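Asks: From the sequence below, what's the structure:
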Amino acid sequence: MDLLKHMHKVGDKIIKEAMEADSKSDVKYRLGYHAVPSMSHLHLHAISQDFNSPSLKTKKHWNSFTSDYFVDSEDVMKQLEEHGKVDTSDRKPDELLKLPLRCHVCKISLANIPKLKAHILTHLKSR
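Replies: Numbers count the residues shown, from 1 in each chain. Model (predicted):
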């Protein structure tokens, strides 16, 4: 538990530094974990909620951050403290990765990642 708290604290610091570096931006961030880890080592994601990233290239990757497959860091710590373990099986993680591509803002379905990325830019411009 100490490691998770430390990772969360470091993640908060990194987010704060990113927001200070771009003080004109109103982008929000989340800290969390994938319901089923994508790597064998423990790692915490700090991800901007505009999702305007060249790293998001596939539907599976998109859904891993924009659905309940992404579990907030504080929820993981709370579950671990209360139950001694983290169980995400009720989220049906395999099904979440297969969801249709949807905009995280307006929930419109889009056919592919290039169309989705072009669409999310319209939300960024309207801020």
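
Asks: so how many other residues sit close to Ile113?
Replies: Here the number of neighbours of Ile113 (other CB atoms under 10 Å) works out to 15. All C-beta spots, glycine's among them, are computed from the backbone N, C-alpha and C.

Asks: likewise the one 10 residues further on?
Replies: Residue neighbour count, defined by other CB under 10 Å, stands at 15 for His123.

Asks: again with Lys117
Replies: Per other CB under 10 Å, the neighbour tally for Lys117 reads 17.

Asks: helix/strand/coil for it?
Replies: On the three-state scheme (DSSP: H, G, I helix; E, B strand; the rest coil), Lys117 is labelled helix.

Asks: Test for you: state the pLDDT assigned to it.
Replies: At Lys117, the model reports a pLDDT of 93.

Asks: And it, how close does it get to Gly11?
Replies: To Gly11, Lys117 is 25 Å away according to CB to CB, to the nearest Å.

Asks: residues near Ala21, how many?
Replies: Using other CB under 10 Å, Ala21 has 8 other residues around it.
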